[in-house]
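Asker: have a look; sequence and predicted model below, questions after that.
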Amino acid sequence: MASELTKPYEEKMKKTLTALDSDYSTIRAGRANPHVLDKITVEYYGTPTPLNQVGNISVPEPRLLQIQPWDTSLLKPIEKAINMSELGINPNNDGKVIRLVFPELTEERRKDLTKDVKKKAEASKVAIRNIRRDAMDHFKKAEKAKEITEDQLKDLEDETQKLTDKYVAEIDAKAEAKSKDILTV
């Protein structure tokens, strides 16, 4: 019974982990990664469209991204969208494709990125703890309403705490791995 009641909260914790993964995929670590373009949108016939839906994105070299739009009239809007984004890379347009050359990260920039990684990890941990708090409040209300017994409440609290510890440990592991990835020259 305890697992049935904690299941929705575990699902929320998994979603928090998934959100952290997607946040980490947009942090550039010195190598070209097409996911850094995931949050960039381009005006396409008056509609903001994700960049990966208006062209082909490839990685011909470890530090080079190449964007080949299906419609060449989109070259200028794509260039503009990349310049307006927080990517910090100037696009090179040759009339057919746009190339993004990723410079080698400086030591200072690497340290800034690892701080950002830690900040995102801490925000995810806070989200996990908030989910735990919501679960505990829900279980205490159920116990007051005599829907569950005091022993069941203790079991649910223990299980919820174990889930919280498990997901916080996973967040720490992901943050450590991403930081190591960024600091590797």
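Answerer: Nice, I can see it. Just so you know, these numbers come straight off a predicted model, no measurement behind them.

Asker: pLDDT on the longest helix anywhere in the chain, on average?
Answerer: Longest helix in the chain by number of residues, with DSSP state H as the criterion: helix 107-144. In this model, helix 107-144 has an average pLDDT of 90.

Asker: now the helix or strand following that helix, how far from the centre of its chain.
Answerer: Scanning forward in sequence from helix 107-144 by DSSP states H and E, the next helix or strand is helix 150-183. Relative to the chain's own centre, helix 150-183 is displaced by 17 Å; criterion: Cα atoms, centre = their mean, to the nearest Å.

Asker: in helix 150-183, which residues are buried?
Answerer: Judged by neighbour count (16 or more other Cβ atoms under 10 Å), helix 150-183 contains these buried residues: 152-153, 155-157, 159-160, 163-164, 167-168, 170-171, 174-175, 178-179, 181-182. For the C-beta atoms, the positions are set from N, CA and C on the backbone; glycine is no exception.

Asker: give me the element the residue nearest the centre of the chain is part of.
Answerer: In the chain, the residue lying closest to the centroid (Cα atoms, centre = their mean) is Asp23, at 1.8 Å. Under the criterion of DSSP H and E, Asp23 resides in helix 2-25.
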